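[1] Sequence and predicted structure, then a few things I'm wondering about:
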Amino acid sequence: MRKVEELPQVRVFDHPLIQHKVTHLRMKETSTKEFRELTSEIAMLMTYEACRSLPLQEIEIETPICKTTGKVLAGKKLALVPILRAGLGMVEGVMNMVPSARVGHIGLYRDPETLEAVEYYCKFPQDISERHVFLLDPMLATGGSILASLEFLKKRNIEQISLLCIIAARPGLEKVVEAHPDVDIYCAALDEELNDHAYIVPGLGDAGDRLFGTK
């Protein structure tokens with residue numbers, strides 16, 4: 001995992017397994033089934049590293065041999081908030097690592113004229129403000145959906161937020177960093193540009209369509 005020098009809260013994963021899976025995720029011949037599996041696997045591997053700094057506490061336990069102490073996650077467990085619909089593809093992978101996490105949802109669509117994010121659904125666990133939230137979206141393109149989602153989360157007094165995205169475009173990433181310097185961002189690949197339709201280049205196309213077999 002490496003830091004982007006000019007964007008200190010951004011981590012780009014350089015683990016060989018993640019890079020291998022991202023390459024196959026990008027391929028246009030990758031089937032819907034394989035795309036879903038790869039998205040989930042990448043999310044799981046990213047979670048392992050993104051959880052490295054979570055606080056721990058000691059508890060007393062008893063093994064079959066004797067009493068001892070062990071470490072467990074401190075406080076309330078994570079909350080996952082996928083941005084519908086593509087973010088759903090990452091939930092299972094993250095929950096494989098943190099099965100006790102609660103899950104909320106944010107539904108947004110991008111206005112085709114303005115490219116701005118419009119909310120159509122938003123529901124969170126009741127105690128979400130007490131949890132460390134992982135916001136999930138496979139793609140960070142213009143940053144519009146993620147910026148809107150971060151605003152929704154912060155309006156609910158959530159102080160600890162991390163963003164997990166598989167592929168980020170630098171223009172959108174820089175907007176998110178500027179607007180929310182307190183949010184740690186984890187991505188598996190950093191692409192440099194967007195095309196005229198606001199798709200990431202080289203990217204992987206529309207993640208939602210490829211996850212669910214729609215056009």
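    Received, thanks.
[2] Let's verify residue 172: helix, strand, or coil?
    At residue 172, secondary structure determined by DSSP: H, G, I helix; E, B strand; the rest coil is helix.
[3] correct me, but it touches residue 145?
    No: with contact defined as C-beta atoms under 8 Å, residue 172 does not reach residue 145; the gap is 9.4 Å. Every C-beta, even on glycine, is put in place using the N, C-alpha and C of the backbone.
[4] Residues in a beta bridge with the residue most central in space within the chain, which ones?
    Relative to the mean C-alpha position of the chain, the nearest C-alpha, by C-alpha atoms, centre = their mean, is the one of residue 164, at 2.3 Å. Beta bridges link residue 164 to residue 136, residue 186 when assigned by DSSP bridges.
[5] wait, doesn't it sit right on residue 50?
    Yes: at 6.2 Å, residue 164 counts as touching residue 50 under the criterion of C-beta under 8 Å.
[6] what do the two both touch?
    Taking C-beta atoms under 8 Å, 6 or more residues apart in numbering as the criterion, residue 164 and residue 50 both touch 134, 186.
[7] The residue nearest to the centre of the chain and residue 43, how far apart?
    To residue 43, residue 164 is 7 Å away according to C-beta to C-beta, to the nearest Å.
[8] How about residue 42: what's its closest non-neighbour residue?
    Closest residue to residue 42 apart from its sequence neighbours, by C-beta to C-beta, 6 or more residues apart in numbering: residue 21 at 5.1 Å.
[9] Specify the local secondary structure of that neighbour.
    Residue 21 is classified as helix under three-state DSSP.
[10] That one: how many residues sit nearby?
    When neighbours are counted by other C-beta atoms under 10 Å, residue 21 registers 19.
[11] how near is it to residue 200?
    Separation of residue 21 from residue 200 (C-beta to C-beta): 17 Å.
[12] That concludes my questions; thank you for your assistance.
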